[in-house]
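1. Compute the structure for the input listed below.
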Amino acid sequence: MRDDNPIYENIILSDHRLFYLQKYVLPDYAGEVIPSHFHFMPEIMWFRQAGGNFTINGDCYPLKDNTLVYIPPLIPHELQLDAAALHYRYLLQLEDDLLTGLAVTGYPQKQSIPLLMVVPEPLAGRLETLFAWCDGYQQFPAQQVLFRKALSLLLEEIFLLTPQRHDGWQSERPGFMHDLLQVLQQMERENRFELGTLEAAQRCGVSKSYFSRRFKAHFGMTFKEYLLVSKLKSAVGLLLAGERKIADIAEATGFTDSAYFTLKFRTLMGCTPTEFRLQAASDRWGKAVYPPHAPVTANDFFISANE
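-> Residues are numbered from 1 along each chain as shown. I've put the predicted structure just below:
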């Protein structure tokens, strides 16, 4: 399985909803292949009973029972799910504003890092309970406060998890990941992604070659690819927000000119920025429109979550 030519999934949440949560309990499951795609929202998947493969940025991992997956925005991913007597999973997609507004511990440090790990018991049981609480509470308007409390607890658990370490991580310089995240967070705050690999390595106190190897091991992409995806993420937001000229968007997101911007945009998205804007406003994208169980505004959510 490969991430060639991933499809952009335009997720639409109706009535100002900030999340979508769906439980799948599928007996006599025939299996399925979900082709390579990406979207503008963070996504969490909990596979309580499942088998198959999950591909992130071209790297393929086995899916087992109790596998937790977190996919940051604009990261290509695909699934090959095996047939089974019972397939059981949850899908949770969230607006970034929800995660930021809830001040979820660990999220600022891990928001750009894909996660795939098999969760051991008894923690797997706790995650299952929290997902079940969220799924049950979300269906009843009178229980929205309980739902938001459960969702906050679930997100805290997920973003405090430490994934299994890959071979070779034992030799990583102490403090490297902390220094790296400081660099990435500064770029995010300033919305500027112009840093060269050598300068980034120097800020982390390591050589360029060491920095490149470790970055690839953690993120599944090169530092240069990460910068490009970050720029295009900003560009997508501007394209969806209004009628700003393509040349202005290219300049605002750090591209040297609109022709280079269009070339890189087409490489990742499979269309030009102009085509993307037109298609996103029409029914030509495979839109996922998720109706809420009860309307929830951003202001209502954050007030209730902190009650």
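2. What are the buried residues along the helix or strand where Gln202 lies?
-> Take DSSP states H and E as the rule and Gln202 turns out to sit in helix 197-203. When neighbours are counted by 16 or more other CB atoms under 10 Å, the buried residues of helix 197-203 are found to be 197, 200-201. Where C-beta positions appear, they are placed from N, C-alpha and C, glycine not excepted.
3. residue ranges of the strands in the chain, please?
-> Here the chain has its strands, by DSSP state E, at 7-8, 11-13, 19-29, 32-38, 43-49, 52-56, 59-63, 67-71, 77-81, 84-94, 115-118, 288-290.
4. Could I get the buried residue list for stretch 119-129?
-> Across stretch 119-129, burial judged by 16+ other CB under 10 Å covers 119, 124, 127-128.
5. Only C-alpha atoms, please: export it in PDB.
-> As requested, the backbone C-alpha atoms of stretch 119-129 are provided in PDB (Å, rounded to 0.1, in the frame of the first residue of the first chain):
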ATOM      1  CA  VAL A 119      -2.300   0.100  24.000                       C
ATOM      2  CA  PRO A 120      -1.700  -2.400  26.800                       C
ATOM      3  CA  GLU A 121      -4.300  -3.400  29.400                       C
ATOM      4  CA  PRO A 122      -5.500  -2.000  31.700                       C
ATOM      5  CA  LEU A 123      -5.100   1.400  29.800                       C
ATOM      6  CA  ALA A 124      -6.900  -0.100  26.800                       C
ATOM      7  CA  GLY A 125      -9.900  -0.800  28.900                       C
ATOM      8  CA  ARG A 126      -9.900   2.800  30.200                       C
ATOM      9  CA  LEU A 127      -9.800   4.200  26.700                       C
ATOM     10  CA  GLU A 128     -12.600   1.900  25.700                       C
ATOM     11  CA  THR A 129     -14.700   3.100  28.600                       C
END
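6. residues touching Gly31, list them.
-> When the contact criterion is CB atoms under 8 Å, 6 or more residues apart in numbering, the partners of Gly31 are 52, 80-84.
7. coming back round to it: got the buried residues of helix 197-203 as a markdown table, with pLDDT and distance to Phe265 columns?
-> What follows is those, written out as a markdown table (pLDDT from 0 to 100; distance: CB to CB, whole Å):
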| residue | pLDDT | distance to Phe265 |
| --- | --- | --- |
| Thr197 | 94 | 22 |
| Ala200 | 94 | 24 |
| Ala201 | 94 | 28 |
